Structures are given as C-alpha cells and as structure tokens.
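Participant: kindly return the folded structure for what I paste below:
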Amino acid sequence: MSAASQRADVVIVGGAVVGSAVAYFLARDPDFWGSVMVVERDQTYATASTTLSAASVRQQFSTPVNIQMSQFAVQVLRHPEWWFPLLEPVPDFGFVEG
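Facilitator: Down below sits the predicted model:
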C-alpha cells in the first residue's frame, strides 16, 4: 500500500454492519467532500462480527439513539431498493421478521 493510499479524512476501523453503514452513508452525503477508508482485518468479511453474529436486529434498547438505529436497520432490510437503487439486482438480505 502506497503512502498516498494510507491517507483519508475519515478512517473507520471495522467493516461489519455499523462500520460499513457509516462509510456508505458518509460517502453518499452531498455535504461531505472528504475521503473515507474502512479498515477491516478480513477483506472477505467472512469473519466480520456481523457475519458471525446470530444475524438478528435487536430492537430492545434503553437509549433513544440505539432504538432509532435498530429501527432504521429494519427499514433498510425491508426495503433495500430505497437505499441501494443503483444495484442490479437489488440485494436480497433474506430478512425474515418473526
């Protein structure tokens, strides 16, 4: 990796669901003009924390920000076409509400 490729305005450590979401939404924010780098030990994401979790979205939190994040995550999973309109085919996350 060259010295130039090691520089970024924002560095996110961990590319699991939260790190990747932060990078995605920051990069698509029209008011953000910087560069974003995600540092993830496993470039395949096969052993990222989200991949190894129970693949569930917890919604029972006591803080408003955690509740809002979980509710937002469910909306993204329910309607990926709203958030990823340029992807063909639209991702199927296999989301099942129970």
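Participant: how much space between the most centrally placed residue in the chain and residue 38?
Facilitator: The residue lying closest to the centre of the chain (Cα atoms, centre = their mean) is residue 21, at 2.3 Å. Using Cβ to Cβ, to the nearest Å, we find residue 21 at a distance of 11 Å from residue 38. The way it works is simple: take the backbone N, C-alpha and C, and place the C-beta from them, glycine included.
Participant: again with residue 60
Facilitator: From residue 60 to residue 38 the distance is 28 Å (Cβ to Cβ).
Participant: then residue 8?
Facilitator: As judged by Cβ to Cβ, residue 8 and residue 38 stand 9 Å apart.
Participant: ditto for residue 84
Facilitator: In terms of Cβ to Cβ, residue 84 sits 17 Å off from residue 38.
Participant: comparing these two, which shows the higher neighbour count?
Facilitator: Each of residue 84 and residue 38 has its neighbours counted (other Cβ atoms under 10 Å); residue 38 has more, 18 against 13.
Participant: could you confirm residue 37 falls within a strand?
Facilitator: Yes. Under DSSP: H, G, I helix; E, B strand; the rest coil, residue 37 sits within a strand.
Participant: quick check, it in contact with residue 14.
Facilitator: No. Contact between residue 37 and residue 14 fails when scored by Cβ atoms under 8 Å: they sit 12.0 Å apart.
Participant: lowest-scoring secondary structure element of this structure by mean pLDDT?
Facilitator: One helix or strand of the chain scores below all others by mean pLDDT, DSSP states H and E: helix 49-52, with a mean of 66.
Participant: where do the domain boundaries of the chain fall?
Facilitator: 1-53, 55-98 (automatic domain parsing).
Participant: got any ranges where the chain has weak pLDDT?
Facilitator: 1-5, 48-59 (pLDDT under 70).
Participant: mind listing the strands for it?
Facilitator: Ranges of strands within the chain are 10-13, 36-39, based on DSSP state E.
Participant: now the ones you listed in CSV, with distance to residue 27?
Facilitator: Below are those laid out as CSV (distance: least, Cβ to Cβ, whole Å):
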stretch, distance to residue 27
strand 10-13, 9
strand 36-39, 5
